[in-house]
Each structure stands twice: as structure tokens, then as C-alpha cells.
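J.: prediction below, plus the sequence it came from.
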Amino acid sequence: MKIDSICCIGAGYVGGPTMAVIAQKCPDIKVTVVDLNEARIAAWNDTDLNKLPVYEPGLAEVVKEARGRNLFFSTEVDKAIDEAQMIFISVNTPTKMYGAGKGMAADLKYIELCARQIARVAKSDKIVVEKSTLPVRTAEAIKSILDNTGNGVNFQILSNPEFLAEGTAVQDLHNPDRVLIGGNDPEAIQALAEVYGRWVPQERILTTNVWSSELSKLTANAFLAQRVSSINAISELCEKTEADVSEVAKAIGMDSRIGSKFLKASVGFGGSCFQKDILNLVYIAKSYGLHEVADYWEQVVIMNDHQKHRFAKNIVRTLYNTVSGKKIAMLGWAFKKDTNDTRESAAINVAQDLINEEAKVVVYDPKVEKSQIEFDLGNQSEAIAVETNPYEACKNAHAIAILTEWDEFTTYDWQKIYDSMLKPAFVFDGRNILDKQKMKDIGFVYNAVGSSN
Ligand SMILES: NC(=O)c1ccc[n+]([C@@H]2O[C@H](COP(=O)([O-])OP(=O)(O)OC[C@H]3O[C@@H](n4cnc5c(N)ncnc54)[C@H](O)[C@@H]3O)[C@@H](O)[C@H]2O)c1
Ligand SMILES: O=c1ccn([C@@H]2O[C@H](COP(=O)(O)OP(=O)(O)O[C@H]3O[C@H](CO)[C@@H](O)[C@H](O)[C@H]3O)[C@@H](O)[C@H]2O)c(=O)[nH]1
């Protein structure tokens with residue numbers, strides 16, 4: 001079956017970029033991305049490409065090429081479902097904040113709403129693709145809803161989890177390590193494989209059963225996050241022993257069995273996925289009575305919480321055990337560089353801990369809006385200030401904390417910043433991006449994660 005129309009429900013960080021690239025690579029397929037959020041759809045349609053709701057390097061160019069040709073953003077969900085042969089569900093699946101599984105399980109209410117809407121609207125056969133990250137066996141529930149509440153049309157369900165990382169989304173979509181398609185129906189699998197086959201080499205398109213595909217997504221994130229927590233655990237030991245975590249990471253990463261990626265010690269991992277997906281995995285394991293499995297993975301999140309809090313504690317301890325009334329400049333708010341996404345950013349936890357200690361926190365981030373920073377802190381705008389100029393943010397500060405590894409931070413005139421600060425001038429580099437020796441030569445008291453001063 002050749003696909004000529006696709007609908008994607010959910011115009012977020014995954015739905016937007018993924019569909020933009022599919023539309024770019026398949027000019028003969030009409031791709032419509034729909035969302036209930038009118039402001040978000042308006043932003044995707046904005047003629048000023050700087051106003052797209054998602055910042056990703058290279059994304060504006062892709063949108064420019066395809067939008068209006070075969071890529072459309074709309075709030076008319078029913079119409080797009082009706083017209084499409086293939087429907088991607090790419091809505092959010094956050095941690096459930098109520099009832100059974102509160103704080104752990106994935107909240108599938110948006111998924112169920114989509115399934116019910118598809119069932120209600122569809123008047124012809126559809127292939128429904130799970131793009132959202134879902135607990136293993138969710139396809140069963142979707143199938144049941146579609147088959148029991150639909151109009152008697154035939155639905156095939158595929159799992160096609162997304163592995164893009166924010167900040168490199170376009171690059172990851174253009175050149176994925178693999179595309180994973182889980183399903184039972186060879187014709188449906190073939191139809192989706194042909195879409196990706198326009199630009200992804202055949203050997204990188206992997207097909208599995210639905211359950212393996214669903215579980216592989218949670219497993220991939222658990223393994224990646226586990227590496228970060230593992231190196232962060234070692235970073236604390238390095239600080240006590242005069243070992244240097246960057247040297248340790250390099251030494252172990254050269255072992256081809258270990259590999260060098262995802263071994264950067266940091267203030268802790270953030271982002272909308274790692275914590276949510278591991279907690280979901282933990283919840284699933286518990287629900288099958290697999291308590292040792294659950295405890296094993298939960299430790300990755302416990303270690304990450306510890307890393308975030310100990311970073312803030314270290315600032316307080318180093319600043320003579322009090323930051324009350326002291327100006328502390330936070331450079332970076334996004335959970336990693338090259339994105340405007342702040343979900344679960346370590347910066348939020350660190351700021352909250354410092355505010356609790358009555359510090360005067362001033363934030364600078366090159367891509368995050370002031371309103372977002374205030375929102376992340378529960379709208380306590382009196383607790384922080386946001387600067388649009390990094391030099392102003394650092395002026396008269398007692399300390400600077402680096403929370404995101406933005407490249408521009410390495411290019412600053414650090415002598416000028418030093419001159420404008422109170423002395424001793426402290427830097428807490430939560431990303432190990434600055435040159436320790438140069439910083440010390442200027443006069444800073446420089447603290448990095450995972451090495452002694
Ligand atoms: N962010 C990432 O980097 C990433 C990467 C891989 C996978 N994922 C997974 O992809 C899924 C989506 O993540 P995201 O970051 O794009 O989320 P997001 O919150 O940015 O976007 C989801 C969008 O879905 C819309 N939506 C929710 N219910 C809807 C409905 N019934 N009808 C129409 N629109 C609806 C919301 O308004 C929102 O705009 C999640 O399951 C996530 O775990 C995310
Ligand atoms: O060595 C490292 C690598 C990452 N991080 C941090 O870990 C977090 C996550 O980073 P990354 O994985 O690069 O970004 P995400 O966009 O969260 O992507 C992850 O989560 C996505 C959503 O499921 C998956 O699709 C991706 O494959 C997976 O990498 C960020 O805070 C990073 O700063 C570190 O601290 N040290």
C-alpha cells in the first residue's frame with residue numbers, strides 16, 4: 001500500500017520536527033499536524049520562522065521548504081483524521097499525578113482520547129502509529145478502543161517510537177541510528193517502512209513485534225540515563241579522592257565495550273523523557289511483582305536527584321554556609337544546549353534549593369523566555385530576576401553557577417566578568433565546560449563537577 005496522506009496528532013517537540021522531516025523527504029505525501037493547542041498551531045504557521053514553538057538547529061529551514069507545499073499545521077483534528085491513511089499519535093504521556101500509580105505511571109488519558117477520536121471519526125481503514133513513548137502493551141488498549149467503538153473500519157496498529165534527542169532533532173531524524181517499527185501486519189509495517197525508506201537505508205529499518213518495540217523505547221532511555229547516573233556517582237567519589245571524572249570517563253570510554261558517549265558528568269540529567277520513562281519502567285516492573293527489577297532502575301533516578309541537590313548544597317557550603325541575600329548568577333536554564341525546552345531541567349531544582357536558602361538568583365539563558373522561567377518556578381517572579389545580558393547577570397554576583405552547556409558560555413570575556421563580581425569570585429561549573437586552569441589564573445575560585453579544586 002502506498003501512503004499519500006498522513007495525519008499526526010500532537011504538534012510538540014516530537015510531532016512537529018518528525019513530521020516536518022517526513023514532509024521534506026516525501027514531497028508527494030500530504031502531512032497534516034494537528035493539535036488542540038491553538039497558540040502552538042499558530043506559532044507553527046507563523047511567517048516569522050524565529051517564532052516556531054520549538055527551537056532546533058536546522059528546523060526552520062526544513063519547515064520553510066515543506067510548509068504550504070505538503071506540510072500543514074491545523075487545529076481541525078477530525079478533518080485531518082478523516083483524510084489520512086496513516087495517523088501518528090504523538091501526544092504527551094507525562095507522569096501520572098493522581099490516583100493509582102501517582103508519581104510513577106505514565107498518564108495515558110491523552111492517548112485514550114486520541115484513540116476514541118480516531119474511532120469516532122474514521123470512515124475508512126487506517127494505520128494507527130504509536131509515536132509517543134508508551135508502556136509495554138499499550139497497543140492492546142488502543143486496539144480494544146478502536147475495534148469496540150469504531151465504525152466497523154479496519155485498524156492496524158504499529159509502534160514506531162522516536163529516538164531523537166532535543167538539540168539535534170533534525171540531524172537525528174535525517175540520519176537515525178535506526179528506525180524501529182513494531183507490528184503484526186506485514187502490509188502495514190511495509191507501508192510505514194516505505195515512508196522512512198525514502199531516506200533511511202533499509203538495514204537501519206528494524207522490525208519487531210509490537211511489545212518489543214514499545215519496551216525497547218523505555219529500555220533505551222533507561223540505559224542512557226543509567227550511564228549519566230553512573231558517571232555522576234563516580235564524580236562524587238572523584239571529588240573526595242583527587243581523581244578527575246573527565247580523565248576517568250576518557251579512560252573507561254576508550255574501552256570499545258563501554259564506548260565514550262554519554263559519560264559527561266553533570267549537574268544531573270533533565271528533559272521530559274529520562275525520569276518519566278524510568279519511573280514508568282519501574283511502575284511496570286512493580287505491577288508484575290518484579291521488585292528487584294524495579295529497585296534496580298529506580299536507583300538511576302534517586303542518584304540523579306542526589307546529584308542535583310548536592311550541587312546546590314555545595315554552593316551553599318562553599319559560600320561560607322550561607323547564601324542569604326547573596327546574588328548568584330545562573331547561566332543556562334534549558335535542560336541541555338541548543339533547545340528552549342526546560343522540562344525537568346536541573347536548573348529548576350538548583351534554583352529552588354538556592355531560593356529556599358534566600359539567595360538572590362539571577363538567570364540568563366540564550367533561548368529561554370522569562371515567562372517560562374517564572375512558570376517553571378511556580379510563578380514566584382519575586383524570587384528571581386531574569387537578565388537578557390550575561391554580563392549584567394554576573395555583575396556584583398558572589399557566585400556563578402553554570403547549568404547548561406551552551407557553547408557561547410565558553411566564548412565570554414571571563415576576565416571582564418571576574419572584574420565585575422564580588423570577591424572571592426566563585427564559579428560552579430555544572431557542565432565542566434570552562435578551562436579550569438584559565439579560570440584559576442584569572443582569580444576565580446573554580447569548582448567543577450567531579451574534580452577537587
Ligand atoms: N521530547 C522529546 O525529545 C521526545 C523524544 C522521543 C519521544 N518523546 C515522546 O513523544 C511524546 C510527545 O512528546 P513531546 O515532547 O512532543 O510532547 P509535547 O508536550 O511537546 O507535545 C504534545 C502535544 O500533544 C498535544 N495534544 C495532547 N492531547 C491531544 C489531543 N487529544 N488532540 C490533539 N493534540 C493533543 C498537546 O497540546 C501538545 O502540543 C511523549 O510520549 C514523549 O515521551 C519525546
Ligand atoms: O553524558 C551526558 C549526556 C547527557 N546528559 C544530560 O542528560 C539529559 C538528556 O540528554 P539527551 O539524551 O541528549 O536529550 P533528550 O532530548 O532528553 O533525549 C533523550 O530522550 C529522548 C526522549 O525519549 C530520546 O528520544 C533520546 O534518544 C534520548 O537521548 C540532558 O539534561 C543532558 O544534559 C548528561 O548529563 N551527560
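T.: Looks like it came in fine. Ligands and ions are numbered 1, 2, ... in the order given.
J.: check the secondary structure at the residue of the stretch 351-453 of the chain found nearest ligand 2 for me.
T.: Residue nearest to ligand 2 within the stretch 351-453 of the chain (Cβ to the nearest ligand atom): E405, separated by 6.8 Å. In short, each C-beta sits where N, CA and C put it, glycine included. Following DSSP: H, G, I helix; E, B strand; the rest coil, the label given to E405 is coil.
J.: what about it, distance to L331?
T.: Distance from E405 to L331, counting by Cβ to Cβ, to the nearest Å: 10 Å.
J.: between these two, which one's more packed in?
T.: Neighbours per residue (other Cβ atoms under 10 Å) separate E405 from L331, with L331 holding more: 29 against 21.
J.: settle this for me: that one is touching A397, isn't it.
T.: No. If you go by Cβ atoms under 8 Å, L331 and A397 don't touch, sitting 10.4 Å apart.
J.: could you say which helix or strand holds the residue lying closest to the residue of the stretch 351-453 of the chain closest to ligand 2 once chain neighbours are set aside?
T.: Nearest non-adjacent residue to E405, counting by Cβ to Cβ, 6 or more residues apart in numbering: R431, 4.0 Å away. Assigned by DSSP states H and E, R431 belongs to no helix or strand.
J.: what of the one 10 residues further on?
T.: Here D441 sits within helix 436-442, counting by DSSP H and E.
J.: phi first, then psi, for T95.
T.: phi -70, psi 140 (degrees, to the nearest 10).
J.: what's the neighbour count on it?
T.: Other residues near T95 number 19, with proximity taken as other Cβ under 10 Å.
J.: same check on I234?
T.: Neighbours around I234, by other Cβ under 10 Å: 18.
J.: all strands for the stretch 51-200 of the chain, in order.
T.: Here the stretch 51-200 of the chain has its strands, by DSSP state E, counting those that start in this stretch, at 71-74, 86-89, 126-130, 155-159, 179-182.
J.: who does the fourth one touch, helix- and strand-wise?
T.: Pointing back at strand 155-159 there. Here strand 155-159 touches strand 126-130, helix 138-149, strand 179-182, helix 186-196, helix 210-241, going by 3 or more Cβ pairs under 8 Å, 6 or more residues apart in numbering; DSSP states H and E.
J.: quick check: next helix or strand after the longest one?
T.: Sequence-wise, the next helix or strand beyond helix 210-241 is helix 245-253, with elements assigned using DSSP H and E.
J.: of all of this structure, which residue lies closest to ligand 1?
T.: G12 (1.9 Å).
J.: distance of that residue from ligand 2?
T.: 11 Å (Cβ to the nearest ligand atom, to the nearest Å).
J.: hang on, that residue packs against S90?
T.: Yes. Counting by Cβ under 8 Å, G12 does reach S90; the two are 6.8 Å apart.
J.: what is in contact with the two at once?
T.: Shared contacts of G12 and S90 (Cβ atoms under 8 Å, 6 or more residues apart in numbering): none.
J.: so the two - more neighbours on which side?
T.: Set G12 next to S90 and count neighbours by other Cβ under 10 Å: S90 wins out with 27 against 21.
J.: OK, contacts around the more buried one?
T.: By Cβ under 8 Å, 6+ apart, the contact list for S90 reads C8, I9, G10, G12, V14, G15, T18, K131, S132, E162.
J.: quick one: which two of these are the most distant?
T.: The distance between the two most remote of these (Cβ to Cβ) is 14.0 Å, for I9 and E162.
J.: returning to that earlier point: can you get me a residue count around the residue nearest to E405?
T.: Using other Cβ under 10 Å, R431 has 23 neighbouring residues.
J.: for N356, see how far away it is.
T.: Distance, R431 to N356, by Cβ to Cβ: 23 Å.
J.: V34 now?
T.: 42 Å.
J.: comparing these two, which residue is more hemmed in?
T.: V34 (23 against 12).
J.: next up, phi/psi of the more buried one, please.
T.: Here is the backbone geometry of V34 (degrees, to the nearest 10): phi -120, psi 150.
J.: pLDDT score assigned to it?
T.: Looking at V34, its pLDDT is 98.
J.: surely it meets G12?
T.: No. V34 lies out of contact with G12 (Cβ under 8 Å); the separation is 11.7 Å.
J.: what is the burial count for R257?
T.: Quick note: R257 (other Cβ under 10 Å) scores 5 neighbours.
J.: could you verify that it is part of a strand?
T.: No. Remark: R257 does not belong to a strand; assigned using three-state DSSP, it is coil.
J.: now it. Its backbone dihedrals?
T.: phi -70, psi -30.
J.: look up the closest residue to P424, ignoring the ones flanking it.
T.: V445 (5.1 Å).
J.: for the one you found, which residues are in contact?
T.: Contacts here follow Cβ under 8 Å, 6+ apart; on that basis V445 touches T318, P424, A425, F426, V427, N453.
J.: which strand residues bridge the nearest residue to T208 once chain neighbours are set aside?
T.: Leaving out its chain neighbours, the residue that sits closest to T208 by Cβ to Cβ, 6+ apart is G182, at 4.9 Å. Beta-bridge pairing of G182 under DSSP bridges involves S159, T208.
J.: okay, now G182: neighbour count?
T.: Neighbourhood size, G182 [other Cβ under 10 Å]: 24.
J.: how much space separates it from L263?
T.: Distance, G182 to L263, by Cβ to Cβ: 30 Å.
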